[in-house]
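> sharing a model that was predicted from the sequence below.
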Amino acid sequence: YICKEGKATQMSEKTAFVSSADRNYYPLLKELLASVNALNIAQNFDIHVLDGGLDPAQIVELETQHITIHDADWPEVMRHRLGEVKDKAYLKGCVLRPFINKIVPGYDMYLWLDSDTWAQTPDGINLLLQGARKGRMCCSILVDRAFPKAARVKWLGPLPFKPRSFYYTNARKAFGIDTAQKLFAYNVVSAGAFAMAGDAPHWERWQDLIGQALQKGNIFTAEQLTLGIMAHLDNAKDNVKYPMEYLPSWCHWPLNYDLAWDEASRLFVEPYLPHQPISILHLSGLDKMRLDPSVTTPVKTISGGEQQMSIRYGMQK
């Protein structure tokens, strides 16, 4: 399906829309699904949810909406670490992400959105699927004129002696110093929203890499770390094995970075000209707001003012 301004045009492909949640993130999952429904595109997908610790009543409520719930087990590569994830089923949403083509088999396209995202416009979802149809893994990369620097360095006089970045910190523990050094300078590829064809070669490689990372690396960050290895280190310029399609930041905007509010259109937009409407908003970095929709934060308006607002779906006054 391709959707333009809420109008869906049917194609022959079969698409799985997949997310995951536990009982605490269930309200966020409902808001994500409501946002997609409001754009008149939810009917274009089969919706699947990985159970990361949902309550029985929550599962029943989802199933009454014809949503398929998957009580997937931890992958075999996690067997030696099951003691670490006791009562942490929510981590399945991270660890199982590279395996969704096996958990939910038989689809032409897979679209993943984290449960703490919501869709303001259909454009981001449309572009994710458009990129996947090109045989690429389509996602966003955490680099934008509105985003601060991605790496930090502590200095000893004129000499850098302690580099810190998402990739460096996590890769050093999981893969060693050589991989950490190679990844250090790269911007992070986000695993929070992506689309990929069911027969893409990326799946098998991603599954292999996360198996390696889980031998001794951090469980929580393993899927995003290994996505970066596949995207940046596996794809030499003269031998791109796992082609990627990177969307502009407004397609998928993490909310630990500033945005703005357009009072006329009543949409969240980029903070700088041309104030492109943000399509998928990701509530990363807003821990209190994720747990309580009444929590607000100051948001600058494009007219030069400021409003105290919630950025949860449907909470804008």
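Good, I have the coordinates.

> run a quick neighbour tally on Arg266.
9 (other Cβ atoms under 10 Å). Using the backbone N, CA and C atoms, a C-beta is placed for each residue, glycine as well.

> check it and give its pLDDT.
At Arg266, the model reports a pLDDT of 96.

> OK, contacts around it?
Gln316 (Cβ atoms under 8 Å, 6 or more residues apart in numbering).

> switch the cut-off to 6 Å
Shown in contact with Arg266 (Cβ atoms under 6 Å, 6 or more residues apart in numbering): no residues.

> can you check the one 3 residues further on too?
By Cβ under 6 Å, 6+ apart, the contact list for Val269 reads Ala260, Asp262, His275, Pro277.

> low pLDDT regions in the stretch 151-300 of the chain?
151, 156-157, 159-161 (pLDDT under 70).

> so where do the helices sit in the stretch 1-150 of the chain?
Assigned by DSSP state H, counting those that start in this stretch, the helices in the stretch 1-150 of the chain fall at 26-38, 56-63, 92-95, 100-103, 123-133.

> for the stretch 151-300 of the chain, what spans make up the helices?
166-175, 177-183, 202-213, 222-228, 287-291.

> deepest-packed of those helices, please.
Sort these by mean neighbour count, taking mean count of other Cβ atoms under 10 Å, and helix 222-228 sits at the top with a mean of 25.

> tell me how far it lies from the chain's centre.
11 Å (Cα atoms, centre = their mean, to the nearest Å).

> stretch 237-249 too?
17 Å.

> how about that stretch: buried residues?
Across stretch 237-249, burial judged by 16 or more other Cβ atoms under 10 Å covers Tyr242, Pro243, Met244, Glu245, Tyr246, Leu247, Pro248, Ser249.

> end to end, how far does that stretch reach?
23 Å (Cα to Cα, to the nearest Å).

> distance of Pro243 relative to Asn235?
According to Cβ to Cβ, to the nearest Å, Pro243 stands 7 Å off from Asn235.

> from Gln215, how far out is the residue sitting nearest the centre point of the chain?
Residue closest to the mean C-alpha point of the chain, counted by Cα atoms, centre = their mean, is Gly192 at 0.6 Å. Noted for Gly192: a distance of 24 Å to Gln215, by Cβ to Cβ.

> how many neighbours does the residue nearest to Pro105 when sequence neighbours are not counted have?
Computed as Cβ to Cβ, 6 or more residues apart in numbering, the closest residue to Pro105 that is not its neighbour in sequence is Gly198, at 8.0 Å. Using other Cβ under 10 Å, Gly198 has 19 other residues around it.

> list the contacts for Gly198?
Contacts of Gly198 (Cβ under 6 Å, 6+ apart): Asn101, Tyr107, Asp108.

> the helices of the stretch 151-300 of the chain: which one's closest to Leu29?
helix 287-291 (11.4 Å; Cβ to Cβ).

> show me the strands in the stretch 201-317 of the chain, by range?
235-236, 239-240, 244-247, 252-254, 260-262, 267-269, 280-282, 297-301, 306-309 (DSSP state E, counting those that start in this stretch).

> mean neighbour count, the ones you listed: which tops it?
Most buried among the strands of the stretch 201-317 of the chain, counting by mean count of other Cβ under 10 Å: strand 252-254, with a mean of 26.

> is it true that Gln308 touches Ser294?
No - applying Cβ atoms under 6 Å as the test, Gln308 and Ser294 come out as separate, 11.3 Å apart.
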